[in-house]
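Quick one: sequence and predicted model below, then my questions.
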Amino acid sequence: MKELPTPPVDRPMPPHQDFSPKHRLWFVALTLTLLASFMLDIMLGSVHIPLQEVIQIIFGGEASVQAWQLIVEKIRIPKAITALLAGSALSVSGLQMQTLFRNPLAGPSELGITAGAGLGVAVVMLGGGSAGVYAIRELGLSGSWLVIAMASAGSALVMLLILAIAGRIRDHVVLLIVGLMIGAITLSVVSIWQYYSNPEQLQSYILWTFGSLGGVYGSQLYVLGTIVIVGLLQAFSSSKALNILLLGNNYARTMGLTVGRSRLIILSGTSILTGSITAFCGPIGFIGIAVPHLTRALLGSSDHRILIPACCLVASILMLVCDILSQLPGHAAVLPINIVTSLLGAPVVIWVIVRHQKIRSTP
Amino acid sequence: MTTPSAAIRTERLAVGYRQGKNKPPVVILDALNVQLQPGQLTCLLGPNGAGKSTLMRTLAGLQAPLAGAVLLGATNILDESPEYMARKMSMVLTDRIEANNMTGRELVALGRTPYTNWLGTLTPSDQQMIDWALEVAGARPLARRRIHQLSDGERQKILIARALAQDTDVIILDEPTAHLDLPNRLEMMQLLHELARKTQKSILVSTHELDLALRMADNLWLIGPGRQFTEGMPEDLILSGAFEAAFSKSGLCFDNSTGNFLIGNTAITQTYTIAGEPLALEWTRRALQKQGLGTHIVTEDAQIEVRQSAPGVWTWHYVLPPTDHPTIYSLLNCLLANKQQ
């Protein structure tokens, strides 16, 4: 039997860092890619604007063509920023949900959380009576807050329901199915409601369901930005709790975490992030479930202090790329963003299911 | 019975679970007055479903007792904050861990949670503690590996290292030897025994390894049939017959002299006198035992006599009818054939 070493007193500190050089390199690479895709997103579209003009406009200069100035300032920059906010919010929501439910298949759209947000939006849009075409966008500042509040409440409602059911289900895929069912129920409720709504309300709601990054301007962008940043900061400050929750509730409790309280905080943060983005951009699928997996695979980490900022970067890049693709360069037509994210995201989900099947079957 | 130095103790503790609002709670164990002493390895033994996990969960404060209290010093553990309790007691649970990218070291580092700041930043002293825990648990080579790639035994070592990194006076382990092969089980129990001795921690382990527990434990908690709770030193419990009583139900018969269980499912129908080399005698005895044949060792005039003619070459001589057998198998066939007549 080997001798047990004595507890440490003055042994030299080992070279060990939480934030390794490899991670540092990834962050630099991702930030550069993000800058590049941000520029590209602003340059490309129905009208092509040269890079130096874009740079000039961003840094307060005058563009050589008046229209370009308007396009960049009023349309493309807000849209690109919305893409950053939407990507970050949805991916961090998904990451938190995957940890909270201990389920690799958890995500805002997969578990019906965006459907819940949709219900909240429907309450405002269809129930508001007076609200007309593009209802949300016409709403004033207080209206924006109302939509966000209702969408977040809708998300939280579904999330609580899923959380209650998740306790009884061990199989990941089964929970996914339950989530899809709850999403279906929520959407049917909305559909029944639509049946009794007038055509104008209906049209604006259906347009909303396609998802769009364009259309968040001015004060609304500030509102959305503020909420998303608060939500992201809350998520980052929960990273210690999230790291412990990776080991499950029982371990978390024996390590001093008040599990109920932490879950509630994480749950409300996630609802607000998902709810606010869904309210303004419509349901955007697959970013929330796919990006956390891509990020984990890229960085090889499970530490939320690294994963949360990294998810923001990866998701922002992905959203910008999706936005570029949705504009079909050279064409005036624009695909709904939801279609593009699904095309890119759904294969990732299949990959995750296949991979987890493998992990489970190996002893 | 209560010693002031006990790390934790219980006072008239009743454990069990509540079924619902209108049904009475199910009491599994009642009126327990036990304690965990520093520097001692205590093994909790009992059949499946006896309430071992429930008792451990209650001791750790994961579950509220039905009556009585678990005391840390003079205070009820439920009155202490979770943060404080996390510095006093750590656990190794049977829960599956599904954190794919986590390395062994990262998992052990989570044990420092009760001591780190809001972001979980590790200080140099935390790092030293993690190194120490990895080394003590024999998990140093596993530090850089991903936990989902570890074998059951390796994962168990990492989990023990995590509990050690939590730097608590009490460590509670729920079946740490389950799913391990025999050498790993031995190593695990030996490690826990050494740990208790050298670090003066109180360690409570639930296990199914009766003979390992008998050999390694300083103290045994037995949950027997009818949820009869007995505690004491293993040796005392054997001599008092409590150990045998606790496991009599399972159809095994306990050999008080060796501390082993015999497969006593066949009653002894006939006994033979036997003489010869001690080693050969022991294995002959075991072979006969399996067939429900008893043996009685004598020095002369034995019915069965074992002789060694060359190393590894034995002869079993049987008297009635006088026959020589080159193997136990042959002897046994002869005995059984004669018995049936």
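Nice, thanks for sending it over. Numbering: from 1, shown residues only, chains lettered A, B, ... in the order given.

So B:E300, which state does it fall into?
What DSSP: H, G, I helix; E, B strand; the rest coil gives for B:E300 is coil.

Surely it and B:A275 touch.
Yes. Between B:E300 and B:A275 a contact is recorded at 6.7 Å, counting by CB atoms under 8 Å. Backbone N, C-alpha and C define where each C-beta goes, glycine included.

of those two, who's got more company?
Ranked by neighbour count (other CB atoms under 10 Å in any protein chain shown), B:E300 and B:A275 place B:A275 first, with 18 against 7.

Remind me what the helix or strand hosting that one packs against, helices and strands.
B:A275 belongs to strand B:270-276 when elements are defined using DSSP states H and E. Counting contacts by 3 or more CB pairs under 8 Å, 6 or more residues apart in numbering or on different chains; DSSP states H and E, strand B:270-276 packs against helix B:278-290, strand B:293-297, strand B:304-310.

go again using 7 Å as the cut-off
Applying 3 or more CB pairs under 7 Å, 6 or more residues apart in numbering or on different chains; DSSP states H and E, one finds that strand B:270-276 contacts strand B:293-297, strand B:304-310.

can I get those strands in JSON lines with mean pLDDT and mean neighbour count?
Formatted as JSON lines, these follow (pLDDT from 0 to 100; neighbours: other CB atoms under 10 Å in any protein chain shown):
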{"stretch": "strand B:293-297", "mean pLDDT": "83", "mean neighbour count": "16"}
{"stretch": "strand B:304-310", "mean pLDDT": "87", "mean neighbour count": "15"}
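
need these in CSV with distance to chain A, can you?
Shown next, in CSV, are those (distance: least, CB to the nearest CB, whole Å):
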stretch, distance to chain A
strand B:293-297, 35
strand B:304-310, 35
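
Nearest approach to B:L45 belongs to which of those?
Among the helices and strands packed on strand B:270-276, strand B:293-297 comes nearest to B:L45, with 28.3 Å by CB to CB.

hey, C-alpha coordinates of the longest helix along chain B in PDB?
Using DSSP state H to define each element, chain B has its longest helix at helix B:182-199. Extracted as PDB, the C-alpha positions of helix B:182-199 are listed here (Å, rounded to 0.1, in the frame of the first residue of the first chain):
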ATOM      1  CA  LEU B 182     -12.700  -7.500  -7.700                       C
ATOM      2  CA  PRO B 183      -9.200  -5.900  -7.800                       C
ATOM      3  CA  ASN B 184     -10.800  -2.500  -8.100                       C
ATOM      4  CA  ARG B 185     -13.200  -3.100  -5.300                       C
ATOM      5  CA  LEU B 186     -10.300  -4.200  -3.100                       C
ATOM      6  CA  GLU B 187      -8.300  -1.200  -4.000                       C
ATOM      7  CA  MET B 188     -11.200   1.100  -3.400                       C
ATOM      8  CA  MET B 189     -12.000  -0.200   0.000                       C
ATOM      9  CA  GLN B 190      -8.300  -0.200   1.000                       C
ATOM     10  CA  LEU B 191      -8.100   3.400  -0.200                       C
ATOM     11  CA  LEU B 192     -11.000   4.500   1.900                       C
ATOM     12  CA  HIS B 193      -9.700   2.700   4.900                       C
ATOM     13  CA  GLU B 194      -6.300   4.400   4.500                       C
ATOM     14  CA  LEU B 195      -7.900   7.800   4.000                       C
ATOM     15  CA  ALA B 196      -9.900   7.500   7.200                       C
ATOM     16  CA  ARG B 197      -6.900   6.600   9.100                       C
ATOM     17  CA  LYS B 198      -4.500   9.100   7.700                       C
ATOM     18  CA  THR B 199      -6.700  12.200   7.200                       C
END
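
Need the residues that contact that helix.
Defining contact as CB atoms under 7 Å, 6 or more residues apart in numbering or on different chains, one finds that helix B:182-199 is touched by A:1, A:4, B:39-41, B:136-138, B:153, B:156, B:176-177, B:180, B:201, B:203, B:205, B:209, B:212, B:216.

ok, of those residues, which come out buried?
Among the contacts of helix B:182-199, the ones that count as buried by 16 or more other CB atoms under 10 Å in any protein chain shown are A:4, B:39-41, B:136-138, B:153, B:156, B:176-177, B:180, B:201, B:203, B:205, B:209, B:212, B:216.

The closest residue in space to A:C312 that isn't next to it in sequence and chain B, how far apart?
Take A:C312 and drop its neighbours on the chain: the residue closest to it by CB to CB, 6 or more residues apart in numbering or on different chains is A:S88, 4.0 Å away. Per CB to the nearest CB, to the nearest Å, A:S88 is found 19 Å from chain B.

Quick one: find the helix or strand in the chain with the lowest mean pLDDT.
Picking chain A for this. helix A:135-138 (a mean of 53; mean pLDDT, DSSP states H and E).

my bad, chain B
Result, chain B / mean pLDDT, DSSP H and E: strand B:260-262, a mean of 63.

Go ahead and confirm A:C281 touches A:G214.
No. Assessed by CB atoms under 7 Å, A:C281 is found out of contact with A:G214, at 9.1 Å.

Which one's more surrounded, the two?
Set side by side, A:C281 and A:G214 show more neighbours around A:C281, with 25 against 18, by other CB under 10 Å.

okay, the more buried one: pLDDT?
At A:C281, the model reports a pLDDT of 89.

still on that earlier bit, and the helix or strand that the longest helix of chain B is followed by, how far out from the chain middle?
Counting by DSSP H and E, the next helix or strand C-terminal to helix B:182-199 is strand B:202-207. The chain centroid and the centroid of strand B:202-207 are separated by 8 Å, computed with CA atoms, centre = their mean, to the nearest Å.

For the residue most central in space within chain A, list the residues it contacts.
The residue lying closest to the centre of chain A (CA atoms, centre = their mean) is A:L90, at 0.7 Å. By CB under 7 Å, 6+ apart, the contact set of A:L90 is A:108, A:274, A:277, A:284, A:287-288, A:315.

Identify the residue nearest B:A213 in space, chain neighbours excluded?
B:C43 (3.8 Å).

Could you figure out how far the host helix or strand of that neighbour is turned away from helix B:182-199?
Secondary structure assignment for B:C43, by DSSP H and E: strand B:41-45. With axes from the mean of the first three to the mean of the last three CA atoms, to 10 degrees applied, the angle from strand B:41-45 to helix B:182-199 works out at 140 degrees.
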